[in-house]
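Novice: below is the structure, and that's it, no one-letter string:
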Ligand code: ACO
């Protein structure tokens, strides 16, 4: 395009596509997403089947390797991950140094970035065995970092990883273990965390993943790249939305205030209806459907989250309202996931952290795919310059 010029001095043509709504930044075989039809598949497998039948760790293997593992591969994968769940004692001290009310996403950004200083071998990104090791480390250590920062925030001693438990069971143990006895995860809650993590594991070229690819395109190490992706996910328009949904529901306070709230959203008085709308889905987000069903299973163990009634009423009113219908705004995955996490006992600040742990798999799969892609190039978009023409410097006393 740059060669299409009106004259020699002309800059040439460029595509201008704010938010990249019409731009494919890469080729990928990880995730298929059809937002018009509400379809999501990892490596060809429908999200509904994976959520029903798989575990997060098995789905992580699929996303990273392209195929479901056989039993031997699955056992080996589990062993490799669990072997890396411990963190260096100095990282523990780093977590200690955060203020007790530090947002756990800020702590996660900092501690994941710090991991790069503990594993300088991670720079050897063109070596497959080295990449595998960093993938094990990141998938294994992120739940430990998250659980430690949670225990730090409530002033409880850290619970070290229990490698005899499942991946999710160990995470629950590090979060909630209260005695010397081995933690026994509730199977319904363990399954629910598996499902929520599967739903969040990858979502093609979303903001965080695009950041991961952009940073990786400069051949940065995977810890630094992942930390940048977490920072992107932290934003309220992205992974911070499930936290924002809970704040919004609490602020609405009761079902009878829903119509009045919807009015303020439509008039632009408050920001947006959080957990609604999606850049790609112009249909009901298939992940939100699964979350809605999952909520009832979790509430059978935890008791019903009182904010559920407000959420259901918001959805009912919005889906009958022309404003939302004409803009194709439906609940997204974050609309119900926060309610489930809250019922399990997670504070709202931990919601995006849970999202980050789950999405880590997708980031790493896309990172690896990018590194071996023969078309890979450093991310370097151009711009449409709208500033001043050339002018001469004026001395400060003449301005
Ligand atoms: N509430 C009210 N109006 C909305 C909402 C919403 N949640 N989302 C979009 N709109 C409106 C916009 O005001 C705009 O209206 P207009 O045409 O009259 O100006 C129209 O719908 C299109 O909105 P855009 O901002 O152009 O849509 P975009 O694709 O850029 O935004 C986004 C997608 C950021 C997710 C948006 O829907 C939003 O802010 N939702 C709330 C935050 C949220 O839930 N984020 C989580 C996304 S899922 C994820 O990251 C895991």
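Specialist: Noted; the coordinates are in hand. Because the structure is predicted, anything quoted here is derived from the model rather than measured.

Novice: who's the closest spatial neighbour of residue 315, skipping the chain neighbours?
Specialist: residue 331 (5.7 Å; CB to CB, 6 or more residues apart in numbering). (C-beta placed from N, C-alpha, C; glycine too.)

Novice: contacting residues for the residue in the stretch 1-150 of the chain that the ligand sits nearest to?
Specialist: Residue of the stretch 1-150 of the chain nearest the ligand, by CB to the nearest ligand atom: residue 19 (6.0 Å). By CB atoms under 8 Å, 6 or more residues apart in numbering, the contact list for residue 19 reads residue 279.

Novice: how near is it to residue 282?
Specialist: 15 Å (CB to CB, to the nearest Å).

Novice: one step back: quick check: the residue nearest to residue 315 touching residue 277?
Specialist: No - in this structure, residue 331 is not within contact of residue 277 by CB atoms under 8 Å, at 9.0 Å.

Novice: who has more neighbours out of these two?
Specialist: The neighbour comparison of residue 331 against residue 277 (other CB atoms under 10 Å) goes to residue 331, with 26 against 19.

Novice: enumerate the beta-bridge partners assigned to the more buried one.
Specialist: Under the criterion DSSP bridges, residue 331 forms beta bridges with residue 276.

Novice: residues contacting it?
Specialist: Residues in contact with residue 331 (CB under 8 Å, 6+ apart) are 275, 276, 284, 285, 288, 292, 315.

Novice: reformat those as a markdown table; add neighbour count.
Specialist: Converted to a markdown table, the contacts of residue 331 look like this (neighbours: other CB atoms under 10 Å):
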| residue | neighbour count |
| --- | --- |
| 275 | 28 |
| 276 | 23 |
| 284 | 17 |
| 285 | 25 |
| 288 | 23 |
| 292 | 19 |
| 315 | 22 |
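
Novice: what does the stretch 1-150 of the chain have sitting close to the ligand?
Specialist: By CB under 6 Å from any ligand atom, the residues of the stretch 1-150 of the chain that approach the ligand are residue 19.

Novice: which residue ranges of the stretch 1-150 of the chain form strands?
Specialist: Ranges of strands in the stretch 1-150 of the chain, per DSSP state E, counting those that start in this stretch, are 31-34, 39-42, 45-46.

Novice: by contact count, what packs against the longest helix belonging to the chain?
Specialist: The residue-count maximum for a helix in the chain (DSSP state H) belongs to helix 128-153. In terms of contacts (3 or more CB pairs under 8 Å, 6 or more residues apart in numbering; DSSP states H and E), helix 128-153 is packed against helix 71-82, helix 89-96, helix 104-118, helix 167-176, helix 222-233, helix 351-371.

Novice: among those helices, which comes closest to residue 263?
Specialist: Nearest of the helices and strands packed on helix 128-153 to residue 263, taken as CB to CB: helix 351-371 at 27.1 Å.
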